[in-house]
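**Student:** What would the 3D arrangement of this be:
(2 chains)
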Amino acid sequence: MQTKPFSDIVFNQYLEQEKLMGCRCTQCGALFAPPRPICIKCYQSELEWVELKGQGELAAFSCISIGPGFMIQEGYNRKNPYCVGVINLEEGVRVDARIEGVNPSHPEDITVGTPMQVKFLHKPFGTGKRTYLAFQPLE
Amino acid sequence: MRKRKLGRNVAVVGAGMSNFGMFKEKDSKDLFAEAYGEMIASIDKGFDPNDIDALYVGNFTSDIFINQAHWGPIISDLIGVTPRPATRTEGACASSALAFREGVLAIASGFYDMVLVGGVEEMSKCTTEEVTEGLSLASVPYEQRVGFTFPAVFGAIATAYFAKYGATREDLMNVTIKSHKNAPLNPKAQFGITIQNLMDAKIDKAKRMGNPIPQWENEKDFLRDPRINPSVAWPMHLFDCCPISDGAACLLLVAEDLAYNFTNDPIHVIGMGQGSGRGLHAADSLTSFEATRRAAQEAYSMAGLTPDDIQFAEVHDCFSMAEILHLEDLGFYAPGHGYKAVGEGLTALDGPKPINTSGGLKCKGHPVGATGASQMVEVWTQLRNRAGKRQIPNKDLRIGAAHNLGGTGGTSTFTIFERR
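**Tutor:** Model (predicted):
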């Protein structure tokens, strides 16, 4: 079977299957998530898919009162903010994600450094659906 | 990094900008014409528009906000220089700094002698939600996909900065208060009012209307009030964010050896840098922009100067957090010390290194595609001692700089100017 392209499209398809995938350079061992088609450490393109554990810590976050249309459609607004963040994964790479399991109306209670685990959010999107990469505090 | 130099030197001999604000009765062409008119009036010995060899115009969002792209030929027709070459540049909120850079490089190469550079943006005809979504086009795909907005990227950076250095929201308020202090001295500014005066006006209004009188102790207390300063993307609140603005700015560049044909007081481009950066997920730091560090390094190296040599600067304060980060990335203060410097008044108009004497993006306004050029207009005005009430009280003002950022750290430019 031919390896799937190291693309955002495939990365998002894996999310639908509840897999957080990155890619590793078979030459220099550099790890990337989301994937890249070209290794930016050694500049070659021999890569392989690797599944990530989906654990890490909250590196940065924001609670958003004015979001884009697709978040407004989900019911988020000035009275009902949502949280997004950046996660430092155990494997040493970083991803952007929606943050669940916190109260975005009380951002002062959310702490950088909180241990987090992955959660796959399946939501309606336009006329179809979309899986979002999300993280929540480790139980 | 190789020390860069221009094939031949370039000087600015004219500069102008429109008023910045929300103008229902003006469109992009009106705004550019206003800036261009002011620029022409600023050229001491006059000039013939037929001598303009080429035009570079920065613009970011018109495609989606007003359904119009392809600004090069529209502006060349507006000012009557068709069929000269006219090119639009796009680098998000750094679009017109890229126009400037292309203009300088084109003259330095020897290809042109005189180039008009500038930028224009028209944003106020959209809702806040539409503008927020439109601007997020310039973030990286992974940020957009999970619902990050521009303010949220800088909000997230702020949480990382707070955790690393112990700064708080209160420290960010010092940036806002400073910008609001400078803006009333700038007749072009969108918000020409100090926080104190804004607070007093609200109290007066409450008294007039017979409403309960708000009990704010001081400017920071006012900014703490969520009714006045609601969260946009926590910890970024309304007063941490630049406004939605319309405006235009432009500058006339000529080969240095021709500059004295137009003025006895040209401003010389002595350092120029540009860098690119990655989104939050791939950045080398969450509290520093690689693109800005690169741009600064390139410009300092070309000018043979250090950060201490920069007497004043316009710095891209799209958000309060951004100004602090850039002060550090440009080398003005050590990492983790930018917020302290602002708090100590070091960047005030009468401080040792005035920053954003124009009122900055926060108060002067941020018509994104015009911002980079307008920052340079401010530096030019200060260096020529024409800044009126906001003139920096340093009798030997010689070196100023402008820093412009596009996207969430994706594009950054730093330009150093000298008056001789």
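**Student:** And the helices in chain A?
**Tutor:** A:8-16, A:69-73 (DSSP state H).
**Student:** The stretch 101-250 of chain B now?
**Tutor:** B:128-135, B:141-145, B:150-165, B:169-182, B:195-209, B:219-224 (DSSP state H, counting those that start in this stretch).
**Student:** And for residue 84, the neighbour number?
**Tutor:** With no chain named, the answer covers chain A. Using other Cβ atoms under 10 Å in any protein chain shown, A:V84 is surrounded by 28 other residues. Quick note: C-beta positions are derived from backbone N, CA and C, even for glycine.
**Student:** could you do chain B instead?
**Tutor:** Neighbour count for B:R84, taken as other Cβ under 10 Å: 19.
**Student:** can you check the one 4 residues further on too?
**Tutor:** Using other Cβ under 10 Å, B:R88 has 24 other residues around it.
**Student:** Adjacent strands (with direction) for whichever helix or strand it is part of?
**Tutor:** Here B:R88 sits within strand B:86-89, counting by DSSP states H and E. Its sheet considered, strand B:86-89 pairs with strand B:54-58 (parallel) by DSSP bridges.
**Student:** Got the phi and psi for B:P352?
**Tutor:** Dihedral angles of B:P352 (phi, psi; degrees, to the nearest 10) stand at phi -70, psi -30.
**Student:** Skip the chain neighbours and tell me the closest residue to it.
**Tutor:** For B:P352, ignoring the flanking residues on the chain, the nearest one in space by Cβ to Cβ, 6 or more residues apart in numbering or on different chains is B:L346 at 5.6 Å.
**Student:** Buried deepest among the helices of the stretch 101-250 of chain B, which one?
**Tutor:** helix B:150-165 (a mean of 25; mean count of other Cβ atoms under 10 Å in any protein chain shown).
**Student:** For it, the averaged confidence score.
**Tutor:** The average pLDDT within helix B:150-165 is 97.
**Student:** CA atoms only: put that helix into PDB for me.
**Tutor:** Provided in PDB are the C-alpha atoms of helix B:150-165 (Å, rounded to 0.1, in the frame of the first residue of the first chain):
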ATOM      1  CA  PHE B 150      -6.000  37.400  15.600                       C
ATOM      2  CA  PRO B 151      -6.700  38.800  19.000                       C
ATOM      3  CA  ALA B 152      -6.700  35.200  20.300                       C
ATOM      4  CA  VAL B 153      -3.200  34.500  18.900                       C
ATOM      5  CA  PHE B 154      -1.900  37.500  20.800                       C
ATOM      6  CA  GLY B 155      -4.000  36.500  23.800                       C
ATOM      7  CA  ALA B 156      -2.400  33.100  23.800                       C
ATOM      8  CA  ILE B 157       1.100  34.700  23.500                       C
ATOM      9  CA  ALA B 158       0.200  36.900  26.500                       C
ATOM     10  CA  THR B 159      -0.700  33.800  28.600                       C
ATOM     11  CA  ALA B 160       2.600  32.200  27.700                       C
ATOM     12  CA  TYR B 161       4.500  35.500  28.400                       C
ATOM     13  CA  PHE B 162       2.700  36.000  31.800                       C
ATOM     14  CA  ALA B 163       3.600  32.400  32.800                       C
ATOM     15  CA  LYS B 164       7.200  32.800  31.800                       C
ATOM     16  CA  TYR B 165       8.000  36.300  33.100                       C
END
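**Student:** B:A387 against B:P354, yeah?
**Tutor:** No - contact criterion Cβ atoms under 8 Å: B:A387 and B:P354 do not qualify, at 10.4 Å.
**Student:** picking that back up, which ones are touching the residue nearest to B:P352?
**Tutor:** Neighbour list for B:L346: B:333, B:352-353 [criterion: Cβ atoms under 8 Å, 6 or more residues apart in numbering or on different chains].
**Student:** quick one on the thing from earlier: let me know which of the helices of the stretch 101-250 of chain B is the nearest to B:G365.
**Tutor:** Among the helices of the stretch 101-250 of chain B, the nearest to B:G365 by Cβ to Cβ is helix B:169-182 (11.1 Å).
**Student:** I would like the residues contacting that closest one, please.
**Tutor:** Helix B:169-182 has contacts (Cβ under 8 Å, 6+ apart) with B:158, B:191, B:193-195, B:198, B:219-220, B:223, B:235, B:237, B:239-240, B:317, B:320-321, B:323-324, B:339-340, B:342-343, B:347-349, B:355-360, B:362-363, B:390.
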